[in-house]
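>>> what's the 3D shape of this:
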Amino acid sequence: MSVQQETHGFQTEVSQLLKLMTHSLYSNKEIFLRELVSNAADAADKLRYRALSDAELYAGDGELKVRLSVDKDAGTLTISDNGIGMSRDEVIEHLGTIAKSGTADFFSKLSGDAAKDSQLIGQFGVGFYSAFIVADKVTVRSLAAGLSSEAGVEWTSAGEGDFTVATINKARRGTDIILHLRDDEKEFLEEFRLKSVIGKYSDHISIPVEMWQEGEPEREQDGETIPATEGQWQAINKATALWTRGKSEISDEEYQEFYKHIAHDFEDPLSWVHNKVEGKQEYTSLLYIPARAPFDLYNRDNKHGLKLYVQRVFIMDDAEQFMPSYLRFVRGLLDSNDLPLNVSREILQDNRTTQSLRTALTKRVLTMLERMAKNDADKYQKFWNEFGNVLKEGPAEDFSNKENIAKLLRFASTHTDSSAETVSLADYLERAGEEQDKIYYIVADSYQAAKNSPHLELLRKKGIEVLLMSERIDEWLMSHLTEFDGKQFVSVTQGDLKLEETDEEKAEQEKQAKEHEGLLTRVKEALGDKVKEVKVSQRLTDSPSCIVTSEQDMSSQMVKMMKAMGQPVPEVKPVFELNLEHPLVAKLDQEQDETRFAKWSELLLSQAMLAERGSLEDPSQFVAQLNSLWLELSK
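This next block holds a predicted model:
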């Protein structure tokens, strides 16, 4: 008899998820069984690990398994395990809330389109709540390992906003999930249907998934009496850990389904690599590149990592010590024979074996990506669109692999038609030829701002390709990536470009600077300490002016990034460059009224700053100057 019954309301996000479930995932409803069996297998793994230090948790029941039971009269399907189980508090926490950071952001991205939303839900991971795809009521009975039978707990809900929790007697450790199937979902009471789903999704699980097989009655055959046989539980999956099998024995479909099991993703992975290493170290790794970024990829506080096994025993999820942060999108597992079974996160942190494994696995992933980029450009572009900005963290984080990571980077350029078309650094250098000894790039607030920047005018005229960068991380990336294949990176917005020039061009530039020395001095006096220096521009052909940053100063984009992070930044005064061939600058040179001269100088500086930085500290002053000059011109 149950006692201490309470009713609780679902967390808001759970209620939202339950409403979406039946609509967005109904076309792939059989995945509920995959999710529930996967959770049951995880519960068995956790018990096996806990029992390493406390064997009494097995309580004489050490053969871990998952069982499916059908009651056609009651219309119920039960998924049972004898794994770690849950206490009352754990049931309320795990089945009533979604303890994931970024859930609000996840739900804000839902569109109401079932097909699109199903992909998002797949990235989010639905687990237990998938039961409500086929059930109008779910009952969960659980007993945590190590607790007495009186500490059992029963959770019940119709998935409509609340759930009840009661304390019950439960004789055996583990969890039973009882699905009260809807009338139109009774196909999941049929043995052949359940076996088909388990064979498709759960063959690789390392513990047996069992169903009851009825015995045969006594019968006559060829004049002989065949005695009756008793019913028994029979495994309906292979129950062999997939990664322990030879690669030649495993189909692509099995690899893909195993990925969905460990990553709780609905989409097939882009690529994977499976290796068994013997020698100084003995380990097996199975690493996957997902097709789509999870919603919380950029939450650095969220744990990302591999499943860790030691000698086939599950140790922990999200073992981040084996993969650098810039590869945190990698999913998969590591099974080591060299680590101790009682290993902890703290021990892993400073363990020499851990560092060696991290180095090997990192190179394996980079090699996998390099092969993908070489053999399937379209697939690699899809990877880049999802994870490129994370990979850009690599050159700063992993000095030893900086060159290999740089080979994988992709950027838009002045030689492509859109931001969706990207080039590799190797492609850039091949087009540039041996005579070009630098790699030119620009960082701006957007692709359009980079593409249309006045800083590109002379380079475009000379046919020199420039990499167009517009992501927040790009300026930080370029502060750590100074060269590639012996060629130095040069920002077109900093310092002197020093492009190849003829003797005649150099002479003409020196002549212009000398002839207009008075203009440069007047502009500097008019602008005062707003600029560091006023120079004749060698990079402009169409625009009247631009600002650049001295090579020793922090770039405009870096200043903006530091300010956005709340970091103090030194005052950086720009160098103001004038295009002496432009009509506005010629008009400025002829202006005799010093007040108007100062207004025109201010206006040209504001235009240049707007083009470079995308904003002004005092937009109203810029508008007032513009209006004032318009009025004067209209008189």
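>>> rest of the way, CA atoms for contacts and neighbours
Fine.
>>> which residues of the chain score low on pLDDT?
1-3, 11-17, 19-27, 97-126, 300-301, 500-503, 505, 556, 560-565, 634-635 (pLDDT under 70).
>>> just give me the longest helix of it.
If you go by DSSP state H, the chain has its longest helix at helix 352-375.
>>> please enumerate the helices of the stretch 451-600 of the chain.
457-461, 474-480, 503-515, 517-527, 556-564, 583-590, 594-613 (DSSP state H, counting those that start in this stretch).
>>> what are the buried residues along the longest one?
Residues of helix 594-613 classed as buried: 597-612 (neighbour count, 16 or more other Cα atoms under 10 Å).
>>> re earlier: so what does the longest helix of the chain touch, helix or strand wise?
strand 271-277, helix 377-391, helix 402-408 (3 or more Cα pairs under 8 Å, 6 or more residues apart in numbering; DSSP states H and E).
>>> now the phi/psi pair for the residue lying closest to N389 once chain neighbours are set aside, please.
Nearest residue to N389 in three dimensions, chain neighbours excluded: I473, at 7.1 Å (Cα to Cα, 6 or more residues apart in numbering). When read as degrees, to the nearest 10, the backbone of I473 gives phi -80, psi -10.
>>> just to check, I473 is in contact with L391?
No - between I473 and L391 there is no contact under Cα atoms under 8 Å: 10.4 Å.
>>> quick one: distance of stretch 286-301 to the chain centre.
3 Å (Cα atoms, centre = their mean, to the nearest Å).
>>> brain fart, stretch 35-48
25 Å.
>>> ok, stretch 521-535 next?
Using Cα atoms, centre = their mean, the offset of stretch 521-535 from its chain centre is 46 Å.
>>> and what of stretch 625-634?
Distance of stretch 625-634 from its chain centroid, counting by Cα atoms, centre = their mean, is 51 Å.
>>> and that stretch, which residues are buried?
Buried residues in stretch 625-634 (16+ other Cα under 10 Å): Q625.
>>> also stretch 279-293?
Buried residues in stretch 279-293 (16+ other Cα under 10 Å): 283-293.
>>> in strands, which of these fall?
Among the buried residues of stretch 279-293, the members found in strands (DSSP state E) are 283-289.
>>> now, which of those sits nearest I31?
Taking Cα to Cα as the measure, I31 lies nearest Y288 of these, at 20.4 Å.
>>> count residues in the vicinity of the closest residue to that closest one other than its chain neighbours, would you?
Among residues not flanking Y288 along the chain, W272 sits closest, at 4.2 Å (Cα to Cα, 6+ apart). If you count neighbours by other Cα atoms under 10 Å, W272 ends up with 20.
>>> L287 is in contact with W272, correct?
Yes - between W272 and L287 there is a contact under Cα under 8 Å: 5.5 Å.
>>> for R141, list each beta-bridge partner.
R141 has the following beta-bridge partners by DSSP bridges: E154, D176.
>>> next, count neighbours for it.
The number of residues packed near R141 is 25, by other Cα under 10 Å.
>>> for L95, see how far away it is.
12 Å (Cα to Cα, to the nearest Å).
>>> returning to what we had before: compare the helices and strands packed on helix 352-375 and give me the one nearest N627.
Of all the helices and strands packed on helix 352-375, helix 377-391 comes closest under Cα to Cα, at 41.9 Å.
>>> returning to what we had before: for the helices of the stretch 451-600 of the chain, give me JSON lines that also has distance to E154.
Listed next are the helices of the stretch 451-600 of the chain as JSON lines, based on distance: least, Cα to Cα, whole Å:
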{"stretch": "helix 457-461", "distance to E154": "71"}
{"stretch": "helix 474-480", "distance to E154": "52"}
{"stretch": "helix 503-515", "distance to E154": "85"}
{"stretch": "helix 517-527", "distance to E154": "76"}
{"stretch": "helix 556-564", "distance to E154": "49"}
{"stretch": "helix 583-590", "distance to E154": "80"}
{"stretch": "helix 594-613", "distance to E154": "60"}
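>>> of all the ones you listed, which one is nearest S400?
Nearest of the helices of the stretch 451-600 of the chain (Cα to Cα): helix 474-480, 12.8 Å.
>>> okay, buried residues for that closest one please.
Using 16+ other Cα under 10 Å as the burial criterion, the residues of helix 474-480 that qualify are 474-478.
>>> tell me the helices and strands packed up against it.
Secondary-structure packing of helix 474-480 (3+ Cα pairs under 8 Å, 6+ apart): helix 394-397, helix 556-564.
>>> what about the residue lying closest to L287 once chain neighbours are set aside, how many residues nearby?
Nearest in space to L287, with sequence neighbours left out and distances taken as Cα to Cα, 6+ apart, is G332 at 4.5 Å. Number of residues near G332 (other Cα under 10 Å) recorded here: 21.
>>> kindly report the same for the one 10 residues further on.
Close neighbours of N342, defined as other Cα under 10 Å, add up to 12.
>>> doesn't R50 make contact with it?
No - in this structure, N342 is not within contact of R50 by Cα under 8 Å, at 9.6 Å.
>>> so what are the domain limits for the protein?
For the chain, the domain assignment from automatic domain parsing gives the residue ranges 3-215+231-235, 242-374, 409-491, 503-634.
>>> closest to E397 out of these?
domain 242-374 (7.6 Å).
>>> so the closest residue to Q281 other than its chain neighbours, which state does it fall into?
Closest residue to Q281 apart from its sequence neighbours, by Cα to Cα, 6+ apart: D338 at 6.7 Å. For D338, the assignment made with DSSP: H, G, I helix; E, B strand; the rest coil gives coil.
>>> D338 and N275, how far apart?
16 Å.
>>> what do you get for V423?
Relative to N275, and taking Cα to Cα, V423 is found at 31 Å.
>>> re earlier: mind putting the helices and strands packed on helix 352-375 into a markdown table with distance to E224?
Shown next, in a markdown table, are these (distance: least, Cα to Cα, whole Å):
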| stretch | distance to E224 |
| --- | --- |
| strand 271-277 | 52 |
| helix 377-391 | 63 |
| helix 402-408 | 72 |
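>>> so which of these gets nearest V531?
helix 377-391 (33.6 Å).
>>> need the CA coordinates for that closest one. CSV is fine.
C-alpha atoms of helix 377-391 as CSV (Å, rounded to 0.1, in the frame of the first residue of the first chain):
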residue,chain,number,x,y,z
ALA,A,377,34.0,18.9,-49.9
ASP,A,378,30.2,19.2,-49.5
LYS,A,379,30.2,17.1,-46.4
TYR,A,380,33.1,19.1,-44.9
GLN,A,381,31.3,22.4,-45.7
LYS,A,382,28.3,21.1,-43.8
PHE,A,383,30.6,20.3,-40.9
TRP,A,384,32.2,23.7,-41.1
ASN,A,385,28.8,25.5,-41.1
GLU,A,386,28.0,23.7,-37.8
PHE,A,387,31.3,23.6,-36.0
GLY,A,388,33.7,25.9,-37.7
ASN,A,389,33.6,28.6,-35.0
VAL,A,390,34.5,26.1,-32.4
LEU,A,391,37.4,24.7,-34.4
